[in-house]
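K.L.:
Predicted model and sequence below, questions to follow.
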Amino acid sequence: MQEANEAVGSPQGPEGAPLSKKAQKKQQKELEKAAKKEQKKHEADAADDTTEADDFAKDKYGVCPMFQSQEKIERVLVKIRELTPALADQKVWVRARLHTSRSKGKQCFVVLRQQQFNVQGVVAVGDLVSKPMVKFTANITKESIIDVHGCVRTAPQKVEGCTQHDVELHIEQVWVVSVSAPRLPLQIDDASRPDTEDELSRVNQDTRLDNRILDLRTATNQAIHRLQAGLCRLFRDTLTAKGFVEIHAPKIISAASEGGANVFTVSYFKTSAYLAQSPQLYKQMAISADFDRVFSVGAVFRAEDSNTHRHLTEFVGLDVEMAFNYHYHEVIDVIGDMFVNIFKGLRDQYSVEIATINRQYPAEPFKFLDPSLRLEFPEAVKMLRENGVEMGDEDDLTTPAEKLLGKLVKAKYDTDFYILDKFPLAIRPFYTMPDPNNPKHSNSYDMFMRGEEILSGAQRIHDPDFLTLRAKAHGLDLEKIKSYIDSFRYGAPPHGGGGIGCERVTMLYLGLDNIRKTSMFPRDPKRITP
């Protein structure tokens, strides 16, 4: 009877049978382990409650209320690029994005980023920083905007991976200004990685462009578009100093700018209109209106189904037009000198941006001559024929021929920029002035960077009767270009100019492989967003 009672009171297994002594001991150990774990959890929770209650740094961190301009705060925010050893031991406020964070024991290392500059920060438990503050900092999502207050310290050793590698910021306050969603469609580090690092993950072009806001935050993209802004500024400043006036031509027009079919049609009330392929007509009208020298910076539209590395359906046109005294080479001289000034300005004023871009996209430094190299079209044909290219005297340059010519010119003259003059008349538009000394040639020119055309220009025909003859020779409908021809009927000076693609010049100056890298929000036949 006693044995039966013992069997009933003994621990039982899943089948109801009594457990062996060995199994009982194992079960007892597991119960004790679970009890200890639960006790530790209660102790940790109690400690956290105590820590929260006793958090001496609770007023030094947190999430700011939404900024609605509630108050004016007199506070100087220091730029990250200004954090150098010269500021050692000084306390500063910095607003930046949280690029990365890494918690380690009682400290959290962060990288703060502003455009193309970044610095390492340290939040470490001490007299001014509590454990909950470290924990709070470690949990801030990447790409959030934060205000931090801290002391600039000279780094004990060079901080690799940060532009400000000689200093670090010992953070004493952390305030979240704008929180980022925790899940990012692309990682900034992945989008910043050089193509040479094959073993690590990178971001493809479509993903970049679909999430362009994030993509543009990379140091490389910040540098590209700041350099491009410099290109436009140098274009304006150089021409303004040469007596040019900036004009703004309409983008909605009644007829195709260049008489071609590659034009976007838009509805215009009860009729149709077109998006301008070029401001050329209006530049020439300004010359006829005695503005003498003009330039414009603005959108240009081309309805060309060209899915190449260098074509866009909308781009920024940098256009130049000027009256000259006796010879169209006066125009070439001005434009050639303008490019030299731009190249020098980019080289001297944007060396930091160029270095930043080269870290991700390595390229040979852009070379140019002062004054610019000038060749005539027959010389180019001769060079190409000597290197196996079959072409006629009046054939246009194909894209492969352009690139080969660029390599030949670089090898012979050590320049990436050159001017090609005297193109065959047969391959130029009807408004191009013929060469008076050779009826097969024209007073027209192209300019090239790294073997690709970046400007096409010419002396324009300014006599309406001769312009009419040339239009007829091209088989054009005179009624469609009547307003263009009529603009020269009241006296027009001899003039010439050219059109430049801003994004293409940026791409080729930097030695990049795709124009979409130099267009902030590119438009091509397959992309119209974002």
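P.N.:
Cool, the structure landed. All values derive from a computational prediction rather than experimental measurement. Numbers count the residues shown, from 1 in each chain.
K.L.:
Model confidence score at residue 185, please.
P.N.:
According to the prediction, residue 185 has pLDDT 96.
K.L.:
Checking it next. Helix, strand or coil?
P.N.:
Remark: residue 185 carries the secondary structure label coil [criterion: DSSP: H, G, I helix; E, B strand; the rest coil].
K.L.:
you'd agree it is up against residue 215?
P.N.:
No. Residue 185 lies out of contact with residue 215 (C-beta atoms under 8 Å); the separation is 9.6 Å. Where C-beta positions appear, they are placed from N, C-alpha and C, glycine not excepted.
K.L.:
more neighbours, these two?
P.N.:
Neighbours were counted for residue 185 and for residue 215 using other C-beta atoms under 10 Å; residue 215 has more, 21 against 12.
K.L.:
what about this protein, any weak spots by pLDDT?
P.N.:
When the per-residue scores of the chain are filtered using pLDDT under 70, the ranges that remain are 1-19, 41-53, 199, 257-261.
K.L.:
just so I have it, where are all the helices in the stretch 101-250 of the chain?
P.N.:
Counting by DSSP state H, counting those that start in this stretch, the stretch 101-250 of the chain forms helices over residues 131-138, 188-191, 205-210, 212-215, 219-241, given from the N-terminal end onward.
K.L.:
Turn those helices into TSV, including distance to residue 65.
P.N.:
Compiled in TSV, the helices of the stretch 101-250 of the chain are given as follows (distance: least, C-beta to C-beta, whole Å):
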stretch	distance to residue 65
helix 131-138	16
helix 188-191	27
helix 205-210	33
helix 212-215	24
helix 219-241	29
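K.L.:
Please name whichever of those is nearest to residue 178.
P.N.:
helix 212-215 (13.3 Å; C-beta to C-beta).
K.L.:
Contacts only, for the residue nearest to residue 342 when sequence neighbours are not counted.
P.N.:
Taking C-beta to C-beta, 6 or more residues apart in numbering, and ignoring the residues beside it in sequence, residue 342 has residue 234 as its nearest neighbour in space, at 4.6 Å. Contacts here follow C-beta atoms under 8 Å, 6 or more residues apart in numbering; on that basis residue 234 touches 341-342, 345-346.
K.L.:
which of the residues you listed sit farthest apart?
P.N.:
341 and 346 (9.8 Å).
K.L.:
So which of the two has more stuff around it?
P.N.:
Each of residue 341 and residue 346 had its neighbours counted (other C-beta under 10 Å), and the higher figure belongs to residue 346 (22 against 18).
K.L.:
Is it correct that the more buried one is in contact with residue 509?
P.N.:
Yes. The pair residue 346 and residue 509 qualifies as a contact (C-beta under 8 Å) at a distance of 6.4 Å.
K.L.:
list the residues that contact both of those two?
P.N.:
residue 231.
K.L.:
And residue 352, how far from residue 230?
P.N.:
11 Å (C-beta to C-beta, to the nearest Å).
K.L.:
ditto for residue 248
P.N.:
Using C-beta to C-beta, residue 248 is found at 21 Å from residue 230.
K.L.:
ok, now residue 417?
P.N.:
17 Å.
K.L.:
To what extent is the residue nearest to residue 75 when sequence neighbours are not counted buried, counted in neighbours?
P.N.:
For residue 75, the nearest residue in space outside its immediate sequence neighbours is residue 93; the separation is 5.6 Å by C-beta to C-beta, 6+ apart. Here the count is done by other C-beta under 10 Å, and residue 93 has 15 residues near it.
K.L.:
Residue 475 - how many residues pack around it?
P.N.:
With neighbours defined by other C-beta under 10 Å, the count for residue 475 comes to 7.
K.L.:
and it, how far is that from residue 430?
P.N.:
In terms of C-beta to C-beta, residue 475 sits 9 Å off from residue 430.
K.L.:
ok, back up a step: more crowded one of residue 417 and residue 230?
P.N.:
A direct count of neighbours by other C-beta under 10 Å for residue 417 and residue 230 places residue 417 higher, at 24 against 17.
K.L.:
Now name the helix or strand holding residue 512.
P.N.:
When secondary structure is defined using DSSP states H and E, no element contains residue 512, which sits outside every helix and strand.
K.L.:
is it true that it touches residue 361?
P.N.:
Yes. Look at residue 512 against residue 361 with C-beta under 8 Å: they come within range, at 5.8 Å.
K.L.:
OK, contacts around the closest residue to residue 228 other than its chain neighbours?
P.N.:
Across the structure, with C-beta to C-beta, 6+ apart as the measure, the residue nearest residue 228 apart from its sequence neighbours is residue 506 (4.7 Å). When the contact criterion is C-beta under 8 Å, 6+ apart, the partners of residue 506 are 224, 227-228, 231, 512, 518.
K.L.:
Would you mind putting those into a markdown table with neighbour count and distance to residue 279 alongside?
P.N.:
Compiled in a markdown table, the contacts of residue 506 are given as follows (neighbours: other C-beta atoms under 10 Å; distance: C-beta to C-beta, whole Å):
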| residue | neighbour count | distance to residue 279 |
| --- | --- | --- |
| 224 | 27 | 25 |
| 227 | 21 | 24 |
| 228 | 24 | 20 |
| 231 | 23 | 18 |
| 512 | 19 | 26 |
| 518 | 27 | 21 |
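K.L.:
Taking those residues together, which two end up most distant?
P.N.:
Within the contacts of residue 506, 231 and 512 form the most distant pair, 13.5 Å apart (C-beta to C-beta).
K.L.:
got the buried residues for stretch 429-440?
P.N.:
Of the residues in stretch 429-440, those with enough neighbours to count as buried (16 or more other C-beta atoms under 10 Å) are 429-435.
K.L.:
now swap in stretch 77-88 and tell me
P.N.:
Across stretch 77-88, burial judged by 16+ other C-beta under 10 Å covers 78, 80, 83, 87.
K.L.:
Select the longest strand from this protein.
P.N.:
Criterion DSSP state E: the longest strand present in the chain is strand 91-104.
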